[in-house]
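Chemist: give me a 3D structure for the following:
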Amino acid sequence: MSEEHLRQQLREAADAHRPDRARMLARVERGMHEQSATDEPERRPAVGWVRVAGITAGVVGALAVGGFAVGSALRPDPAPRQQQVAVSPTQTPRGGNPLWADGSVDPGSNAYWAQSNVTFKTKSQLAGLTVELRVAQTGKVNSTGHWSSLPAGDFTESVTERDGFLVYRWVLRPGRSVPVGEHVFAGQYNHAEGGRDAGDDDYVVTGRTGGGQRVSVDGDFAPVSGRRG
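Modeler: Numbering: from 1, shown residues only. Below is the predicted model:
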């Protein structure tokens, strides 16, 4: 058996990843005897054992590595570690007001007609809402309409005169809701010619969250002297 043939057998054995050390040593020893029978006598003591010893060590190392690789491949993965995530307890806001509002006269107003806007923001969805805009009777004030950025069908709307004010009122119908965000309610009216002072106008917004919390915000309009509209 040639040396190359012997190495080929050893490589095939190592590639097979079968960690049977006794079988491989026997195969190496058999190959050694076969080669000893064909080699010249003077080469046997000088080369044979050194060569076999080196090859045997390589085979054992290959088997050891191969056995580890095969064992690692077949060994079941350890159970995954369960990770625990700390979660802060839910906190219910206290004492805060989720509504913000502002009253302003629309810049499109003129010397005979005006629009007053009530803009409000809510941080919570509302299950109840009432918006009331009061425009002071400063002379010839009468309604010409009103609108809202929310669906008109969600509200009961009314315009009345009470205690020297033209009162616009929007009430959310039962079963409807107001989403989180910014919304506008506007009242439109004619008035006496010239600049109208809105300093006596005011508004109030009251609501109820889905959890039953009642919220409200109110305010007025900045007085404007000599303002047209």
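Chemist: for D201, grab the count of nearby residues.
Modeler: D201 has 25 neighbouring residues, counting by other Cβ atoms under 10 Å. For every residue, glycine as well, the C-beta is placed using N, CA and C.
Chemist: make residue 1 into 671 and carry on from there
Modeler: Sure, I'll start numbering at 671, so the last one becomes D871.
Chemist: spatially nearest residue to it (excluding sequence neighbours)?
Modeler: Excluding the flanking residues, the one nearest D871 by Cβ to Cβ, 6 or more residues apart in numbering is F891, at 4.4 Å.
Chemist: please enumerate the strands of the protein.
Modeler: In the chain, the strands defined using DSSP state E lie at 769-775, 783-792, 796-806, 812-818, 825-832, 835-842, 851-860, 872-879, 884-890.
Chemist: how much does the second one deviate in direction from strand 812-818?
Modeler: Following axes from the mean of the first three to the mean of the last three Cα atoms, to 10 degrees, one obtains 30 degrees for the angle between strand 783-792 and strand 812-818.
Chemist: restricting to C-alpha, output strand 783-792 in CSV.
Modeler: Listed next in CSV are the C-alpha coordinates belonging to strand 783-792 (Å, rounded to 0.1, in the frame of the first residue of the first chain):
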residue,chain,number,x,y,z
TRP,A,783,-69.9,90.6,9.5
ALA,A,784,-67.8,88.4,11.7
GLN,A,785,-67.0,84.9,12.7
SER,A,786,-65.9,83.9,16.2
ASN,A,787,-63.9,80.7,16.6
VAL,A,788,-63.5,78.4,19.6
THR,A,789,-60.6,76.1,19.0
PHE,A,790,-59.9,73.4,21.6
LYS,A,791,-57.6,70.4,21.9
THR,A,792,-58.3,67.2,23.8
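Chemist: enumerate the positions of that strand that are buried.
Modeler: By neighbour count on 16 or more other Cβ atoms under 10 Å, the buried set for strand 783-792 is 784-790, 792.
Chemist: that one packs against which elements?
Modeler: Contact here means 3 or more Cβ pairs under 8 Å, 6 or more residues apart in numbering; DSSP states H and E; on that basis strand 783-792 packs against strand 769-775, strand 796-806, strand 851-860, strand 872-879.
Chemist: strand partners (parallel or antiparallel) of it?
Modeler: Paired neighbours of strand 783-792 in the sheet (DSSP bridges): strand 769-775 (antiparallel), strand 851-860 (antiparallel).
Chemist: got the CA coordinates for the longest one in CSV?
Modeler: Which is strand 851-860. Extracted in CSV, the C-alpha atoms of strand 851-860 (Å, rounded to 0.1, in the frame of the first residue of the first chain):
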residue,chain,number,x,y,z
GLY,A,851,-56.9,66.1,18.6
GLU,A,852,-57.8,69.7,17.7
HIS,A,853,-61.3,70.8,16.8
VAL,A,854,-63.0,74.1,15.9
PHE,A,855,-66.5,75.4,16.5
ALA,A,856,-67.5,78.7,14.9
GLY,A,857,-70.4,81.1,15.1
GLN,A,858,-71.1,83.6,12.3
TYR,A,859,-73.1,86.8,12.6
ASN,A,860,-73.8,90.3,11.3
